[in-house]
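[1] got a predicted model here, sequence first, then my questions.
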Amino acid sequence: MASNNDSVILTALSTYIDQISAKKILSEIVLTGHTNMLVSKMPNVKFGQTIPVITSNLVITQASSGIFSPTGSVTLSQQTLQVCDLMSQEFIPLNGANTLEQYWTNNTMTSGSTYDSLTPKIFASVYVSDKTNKLQDFIEFIEWQGVGAAGSTYSSLPPYDPTQCTGFLYQLEQTGASASIVTTTFSSTTFNTPQPQYSTTADAISILDNLYAVIPTNLKDQPDLVAFMSYANFTRYTTALRNKNFTLNNLNPLLPGFPGQSINDAQAISVAWNVQHPGTNLRVVATSGLSGCDNKIVIGPAKNFWFGYDSDKDSTSFRIWKSEDMNAILFRALFKAGTQVAYPQYCVVATGK
């Protein structure tokens with residue numbers, strides 16, 4: 001029965017939420033990293049490929065005449081970059097229970113019960129965009145935190161399975177290269193609590209100063225010197241900069257000096273996620289590949305880090321087709337990924353404590 005103030009009786013209806021008038025579907029936003037805009041890339045790798053490495057020993061002596069007596073030497077060696085084969089598959093049923101026909105998407109699907117492609121178009125468009133985004137984010141993660149069969153992970157809650165491939169941290173810390181790298185530590189607690197403007201207490205800025213100090217002297221003039229860190233650490237670092245009245249806009253020039261980098265690449269590295277450490281040539285860059293790994297900062301020339309893959313299109317293209325046998329739309333992405341560090345001795349790996 002209606003109350004005295006009701007003219008319309010609604011007790012037999014559920015409240016209505018409009019689910020079909022929106023003109024677009026929102027896809028999940030995933031942070032994509034910047035690593036592959038900076039590092040060396042090796043395409044067309046089907047399984048493994050070597051990186052030729054030359055190390056020379058220059059010995060200077062007093063000039064003299066007479067018997068030729070060589071004192072210098074050059075050592076030829078190589079690093080092997082091996083890629084892993086990776087795949088993602090999905091099954092989207094077209095008719096029956098738990099299909100797009102039974103939910104709000106049915107209002108935008110084509111008429112008839114037979115479909116020859118992923119429908120509705122608005123769903124298909126966002127689906128493809130979301131898969132591309134997630135695939136690129138996975139590659140960035142595995143490029144840094146992949147541990148292969150080693151099993152132990154760098155993040156307590158990694159967003160993807162790190163055992164699929166081996167990344168830069170694995171190459172530097174869990175192979176023979178660990179004997180060559182420069183290691184140091186930093187205070188995670190101090191890094192996580194940027195100090196106010198006039199504080200004399202150590203903060204993220206002084207921590208970066210200390211890390212820069214342990215970089216081998218012969219690397220400090222490299223135009224592509226980079227400190228890679230997580231987004232969380234980068235935010236703490238830039239907060240410390242602002243607290244000390246540094247103007248971030250003045251610390252964010254484009255990066256035309258990076259090998260193989262076009263202006264478009266440099267512009268794509270958002271000024272919000274890279275700054276030049278004051279008074280140095282060290283570029284501090286945030287990468288989603290180190291997400292959840294706030295206790296690691298890796299420094300070195302960008303060209304020293306190598307990422308191997310098969311095709312440029314693998315991370316942005318995949319197959320979506322109709323299976324008549326299964327009455328479903330099938331999705332498959334196939335790609336390869338692998339990492340290597342040419343000169344481990346030119347890398348600084350800092351671990352938080």
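    Great, that's in hand.
[2] what about the closest residue to residue 150 other than its chain neighbours, neighbour count?
    Closest residue to residue 150 in three dimensions, ignoring its sequence neighbours and counting by Cβ to Cβ, 6 or more residues apart in numbering: residue 174, at 5.8 Å. The way it works is simple: take the backbone N, C-alpha and C, and place the C-beta from them, glycine included. If you count neighbours by other Cβ atoms under 10 Å, residue 174 ends up with 14.
[3] next one: residue 202
    Per other Cβ under 10 Å, the neighbour tally for residue 202 reads 15.
[4] which residues are in contact with residue 244?
    Residues touching residue 244, when contacts are defined by Cβ atoms under 8 Å, 6 or more residues apart in numbering, comprise 197, 205.
[5] what ranges do the strands span in the protein?
    Secondary structure of the chain (DSSP state E): strands located at 40-42, 48-57, 73-82, 84-93, 182-186, 225-229, 274-276, 283-286, 296-301, 305-308, 319-323, 328-341, 348-352.
[6] right, and those strands - which one's nearest residue 149?
    Ranking the strands of the chain by proximity to residue 149 (Cβ to Cβ) places strand 84-93 first, at 10.6 Å.
[7] quick check: angle from the closest one to strand 319-323?
    Orientation of strand 84-93 against strand 319-323 (axes from the mean of the first three to the mean of the last three Cα atoms, to 10 degrees) gives an angle of 40 degrees.
[8] quick one on the thing from earlier: okay, the strands of the chain in TSV with mean neighbour count, mean pLDDT and distance to residue 147 next?
    Formatted as TSV, the entries for those read as follows, by neighbours: other Cβ atoms under 10 Å; pLDDT from 0 to 100; distance: least, Cβ to Cβ, whole Å:
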stretch	mean neighbour count	mean pLDDT	distance to residue 147
strand 40-42	17	88	21
strand 48-57	12	75	19
strand 73-82	12	76	15
strand 84-93	14	86	12
strand 182-186	16	95	18
strand 225-229	25	95	17
strand 274-276	21	87	27
strand 283-286	24	93	22
strand 296-301	25	96	13
strand 305-308	24	93	17
strand 319-323	13	82	29
strand 328-341	21	89	12
strand 348-352	19	96	15
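[9] so how far is stretch 132-142 off the chain centroid?
    7 Å (Cα atoms, centre = their mean, to the nearest Å).
[10] repeat for stretch 137-151
    In this view, stretch 137-151 has its centroid 10 Å away from the chain centroid, taken as Cα atoms, centre = their mean.
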